[in-house]
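Student: Fold the following, please.
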Amino acid sequence: MNKSIWRRAGLSLTAVAVIAGVSACGGDDKKNGAETKLQSGAELTKVLKASYKKTEEAKSAKVEMVANMPKSAAFDGGGEMKLSGVMGWDPMVMDMTMSGGALKDTPGAPEQTRMMWINNIMYMDAGAELAKQMDGKRWMKMDLGAVAKESGDAALQKQMTGGLDNMDQNPAEQIAMLLESKSIKHVGAVKMNGVDTQHYKGTISIEEMVAKNDSLVLEKNERAQLIKGMKNTGVTGYNTQIWVNKDGLPVRTDVSMSTKEGPISMVANYSDYGAKATVTPPPANQTFDFAQVLKEAAEAMKAMKEAGTTP
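Tutor: Sure, this is the predicted structure:
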């Protein structure tokens, strides 16, 4: 299979990972003029639970995300990746423009591309150059469940299909995760992106994250392996921060972690809660199915092995 298809597929999966961990953003973080009394544990829990409810009810928002990953063999297309657009949750929908990351290193790739998410399927505009190799079809369809099934890896299937539920990582879920942190605290009142907010932060361990994530339909030993694998990368936990405005809605969420390859941060600004988030999939005649591409590649490889012509 053409290497550029694989690179775009990797870019899509990287984007999935970013969205699944929807978090961070950039902006100012300045203390308000007057010092404010820090909230007690009971007070901040009450505030964040109320914020969780309001955010869940909002159903959608405009979002600008920035993800930074180390440039290394483990993070193909590392560096800075930006996404902006509209996201809805319960159910998860998305219509975003992406730039940076592996796009910069993929020959023939556009400077930016459009991504859509609906019915647990991601569609990515792979660009005019790749369309020439795919009978003029430029939209790559990526059904994570189908891709996992095609891999033949049972553990991968369970993780990826279970992860589909986890894709609904809206800002409300970020609040829920922060409430699980044993180190959660109220930092104080600050200006964030020109808005008066209350700033909260905490660290969530890998064990807490896995225990909280009910969508990971894994056996006890598989969960232990997942935790061990993540720790082997140098990740022991997630540093999570949230800035909540006077209406009880997150203005910013921020998640960062350290790995052996280098630091990772994922960044998102939220605004216009309740913004319309309607997504229409691309026409079928403009779409190619990545799971089918994988299947055809596997069949071609099998035929080459049988013929003794494996490259």
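Student: can you map out the strands along the chain?
Tutor: Listed in chain order, the strands of the chain (DSSP state E) span 29-31, 60-69, 79-88, 93-100, 112-118, 121-125, 139-143, 185-192, 195-205, 237-245, 250-259, 262-271, 287-289.
Student: Comparing those strands by mean pLDDT, which bottoms out?
Tutor: Within the strands of the chain, confidence is poorest for strand 29-31, with a mean of 58 (mean pLDDT).
Student: Correct me if wrong: Thr203 contacts Val255.
Tutor: No. Using Cβ atoms under 8 Å as the test, Thr203 is too far from Val255 to be in contact (10.4 Å). C-beta here means a position set from N, CA and C on the backbone, and glycine is covered the same way.
Student: follow-up on the earlier one: would JSON lines of the strands of the chain with distance to Ala131 be doable?
Tutor: Listed next are those as JSON lines, based on distance: least, Cβ to Cβ, whole Å:
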{"stretch": "strand 29-31", "distance to Ala131": "43"}
{"stretch": "strand 60-69", "distance to Ala131": "26"}
{"stretch": "strand 79-88", "distance to Ala131": "22"}
{"stretch": "strand 93-100", "distance to Ala131": "17"}
{"stretch": "strand 112-118", "distance to Ala131": "12"}
{"stretch": "strand 121-125", "distance to Ala131": "9"}
{"stretch": "strand 139-143", "distance to Ala131": "9"}
{"stretch": "strand 185-192", "distance to Ala131": "41"}
{"stretch": "strand 195-205", "distance to Ala131": "42"}
{"stretch": "strand 237-245", "distance to Ala131": "38"}
{"stretch": "strand 250-259", "distance to Ala131": "35"}
{"stretch": "strand 262-271", "distance to Ala131": "30"}
{"stretch": "strand 287-289", "distance to Ala131": "9"}
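Student: As JSON lines, the ones you listed with mean neighbour count and distance to Thr45 would be great.
Tutor: Output for these, formatted as JSON lines (neighbours: other Cβ atoms under 10 Å; distance: least, Cβ to Cβ, whole Å):
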{"stretch": "strand 29-31", "mean neighbour count": "13", "distance to Thr45": "23"}
{"stretch": "strand 60-69", "mean neighbour count": "22", "distance to Thr45": "23"}
{"stretch": "strand 79-88", "mean neighbour count": "20", "distance to Thr45": "26"}
{"stretch": "strand 93-100", "mean neighbour count": "19", "distance to Thr45": "30"}
{"stretch": "strand 112-118", "mean neighbour count": "19", "distance to Thr45": "32"}
{"stretch": "strand 121-125", "mean neighbour count": "21", "distance to Thr45": "35"}
{"stretch": "strand 139-143", "mean neighbour count": "21", "distance to Thr45": "38"}
{"stretch": "strand 185-192", "mean neighbour count": "17", "distance to Thr45": "10"}
{"stretch": "strand 195-205", "mean neighbour count": "20", "distance to Thr45": "10"}
{"stretch": "strand 237-245", "mean neighbour count": "22", "distance to Thr45": "13"}
{"stretch": "strand 250-259", "mean neighbour count": "22", "distance to Thr45": "16"}
{"stretch": "strand 262-271", "mean neighbour count": "21", "distance to Thr45": "21"}
{"stretch": "strand 287-289", "mean neighbour count": "18", "distance to Thr45": "46"}
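Student: shared neighbours of Thr203 and Val255, anything?
Tutor: 238-240 (Cβ atoms under 8 Å, 6 or more residues apart in numbering).
Student: Relative to Lys246, which of these is nearest.
Tutor: Lys246 lies nearest to Thr240 out of the shared contacts of Thr203 and Val255, by Cβ to Cβ, at 21.3 Å.
Student: quick one: that closest one from Met98, how far?
Tutor: Counting by Cβ to Cβ, to the nearest Å, the gap from Thr240 to Met98 is 23 Å.
Student: roughly how far apart are Ile175 and Val47?
Tutor: Between Ile175 and Val47 the computed distance is 10 Å (Cβ to Cβ).
Student: These two - which one has more neighbours?
Tutor: The neighbour comparison of Ile175 against Val47 (other Cβ atoms under 10 Å) goes to Ile175, with 26 against 17.
Student: from what I can see Ala128 touches Arg138, true?
Tutor: Yes. Applying Cβ under 8 Å as the test, Ala128 and Arg138 come out as touching, 6.4 Å apart.
Student: higher neighbour count, those two?
Tutor: Per other Cβ under 10 Å, whichever of Ala128 and Arg138 has more neighbours is Arg138, with 20 against 11.
Student: What are the phi and psi values at the more buried one?
Tutor: phi -110, psi -10 (degrees, to the nearest 10).
Student: who touches it in this structure?
Tutor: 125-128, 130-131, 286.
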